[in-house]
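Enquirer: Need a 3D model of the following:
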Amino acid sequence: MVSISEEPSTNDNTSLEKPEMSYEAKCSLTIPIAKPLATKKLSKKLYKCCKIATKAKSIRRGTKAVGKSIRKGEKGFVIIAGDISPIDVISHFPILCEEQKVPYVYVPARSDLGAAIGANTPCSVLLILKGDEYKDKYKECIKGIKELPNIYS
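Expert: Below you'll find the predicted structure:
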């Protein structure tokens with residue numbers, strides 16, 4: 001008889017998953033111009049608003065689409081990822097937003113921003129348009145963004 005030795009099964013996928021970074025660790029990796037940076041509490045609110053706005057199809061995603069929408073005069077608020085490299089990709093957005101009087105805020109990680117809208121890829125910039133389905137969340141986010149210290153005024 002041939003004996004078959006069984007190997008212990010390794011069903012835990014912990015070796016394949018990356019450990020989740022803390023909010024403070026993500027903040028330490030942001031670019032120098034990432035101001036105003038959303039607090040941990042505001043970031044969660046922003047991600048929830050992103051998720052709801054995505055279902056309502058009221059977002060613009062990516063540098064080209066967001067820039068075009070802001071120039072056309074679409075109103076909402078802009079969320080910019082704070083860990084973009086090179087900085088030149090997003091460095092014009094704060095100026096563009098201030099000219100059009102569109103509120104903007106930075107969040108620590110683009111991977112979190114992409115995950116918030118249900119994408120498998122990271123996202124560098126989002127424009128959340130005003131919508132009726134998520135009016136309360138939208139107002140909370142705008143209020144939170146306006147409460148952040150503005151370094152330009």
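Enquirer: CA atoms for contacts and neighbours, from now on please.
Expert: Will do.
Enquirer: got the phi/psi numbers for the nearest residue to Arg61 once chain neighbours are set aside?
Expert: Spatial nearest neighbour of Arg61, chain neighbours left out: Leu126 (4.8 Å); criterion: Cα to Cα, 6 or more residues apart in numbering. For Leu126, the backbone dihedrals (degrees, to the nearest 10) come out as phi -130, psi 140.
Enquirer: For Leu126, give the beta-bridge partners.
Expert: Under the criterion DSSP bridges, Leu126 forms beta bridges with Arg61, Ile79.
Enquirer: what's the pLDDT at it?
Expert: On pLDDT, Leu126 comes in at 94.
Enquirer: Likewise for Ser28?
Expert: 80.
Enquirer: quick one: it from Asp136, how far?
Expert: The gap separating Ser28 from Asp136 is 31 Å, by Cα to Cα, to the nearest Å.
Enquirer: which residue is nearest the centroid of this protein?
Expert: Leu113 (2.9 Å; Cα atoms, centre = their mean).
Enquirer: Kindly confirm my reading that that one forms part of a helix.
Expert: Yes: under DSSP: H, G, I helix; E, B strand; the rest coil, Leu113 falls within a helix.
Enquirer: That one: what's it in contact with?
Expert: Contact analysis of Leu113 by Cα atoms under 8 Å, 6 or more residues apart in numbering lists 47, 81, 107, 122-124.
Enquirer: Next step: the residues you listed restricted to strands.
Expert: Taking DSSP state E as the definition of strands, the contacts of Leu113 contribute 81, 107.
Enquirer: May I ask which of the contacts of Leu113 has the most neighbours?
Expert: For the contacts of Leu113, neighbours were counted by other Cα atoms under 10 Å; the highest total belongs to Val107, with 30 neighbours.
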